[in-house]
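Visitor: Please work out how this folds:
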Amino acid sequence: MIATPARAPSRSSSKWMEGTPQNHAVSDPQLGNARAYYVQLRQRTQELENAQKKLVDVESTNLRLRTKLEGMRYLRELAAETEEEIQEKNQVLQDTKARLQTAEERISVLQAQVDVKNKEVQHRLVEAAKVS
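Guide: Below is the predicted model of the structure:
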């Protein structure tokens, strides 16, 4: 935070102008110099106050942007983790499909063997029926 100098008292309430007539001419060099210094001091104070307001605005924007950046980083990390999980699950799915295919092929072979055995049994039953 920028320290600002204390404000000089206003003309009407100031003790530094006590005893000086309010309509005193600027011809007095010391009074003119004091007034010029006072005006310069007020301008500089105003400049500092404006700069301080701009600094607060910049800091606020900086904080907002940092927060957004952190959020984006978090989302990127989350997306990467999600992508890894998807890859792992896809691999499990592929493995399961391969095992299913193997099981289906084995079932087909066994079904064919059962069909052959059934035909043999039927043939024997027919032969046995002829004999009896």
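
Visitor: Relative to residue 60, how far out is the spatially most central residue of the chain?
Guide: The centre of the chain sits closest to residue 71, judged by CA atoms, centre = their mean, with a distance of 1.3 Å. Plainly put, residue 71 is 17 Å away from residue 60 if you go by CB to CB, to the nearest Å. To be clear about C-beta, it is placed using only N, CA and C from the backbone, and glycine gets the same treatment.

Visitor: quick check, distance from the helix or strand that contains the residue nearest to the centre of the chain to the centre of its chain.
Guide: Counting by DSSP states H and E, the element that carries residue 71 is helix 29-131. Mean-position distance between helix 29-131 and its chain equals 13 Å (CA atoms, centre = their mean, to the nearest Å).

Visitor: quick one, what contacts the residue nearest to the centre of the chain?
Guide: For residue 71, the contact set (CB atoms under 8 Å, 6 or more residues apart in numbering) is empty.

Visitor: mind checking pLDDT for it?
Guide: Looking at residue 71, its pLDDT is 97.

Visitor: what does residue 13 give?
Guide: Predicted confidence (pLDDT) for residue 13: 47.

Visitor: cool, and residue 24?
Guide: 48.

Visitor: again with residue 16
Guide: pLDDT recorded at residue 16 is 49.

Visitor: swap in residue 10?
Guide: pLDDT recorded at residue 10 is 50.

Visitor: Counting neighbours, what do you get for residue 48?
Guide: A count of nearby residues for residue 48, using other CB atoms under 10 Å, gives 14.

Visitor: could we number from 290 for the rest of this?
Guide: Okay, using 290 as the starting number, the last item reads as residue 337.

Visitor: Next, find the distance separating it from residue 330.
Guide: Counting by CB to CB - residue 337 and residue 330 are separated by 10 Å.

Visitor: Next: residue 375.
Guide: 66 Å.

Visitor: ok, those two, which is more surrounded?
Guide: Using other CB under 10 Å, the more surrounded residue of residue 375 and residue 330 is residue 330, with 13 against 10.

Visitor: gap between the more buried one and residue 402?
Guide: 107 Å.

Visitor: One more: residue 361?
Guide: Taken as CB to CB, the span from residue 361 to residue 402 is 61 Å.
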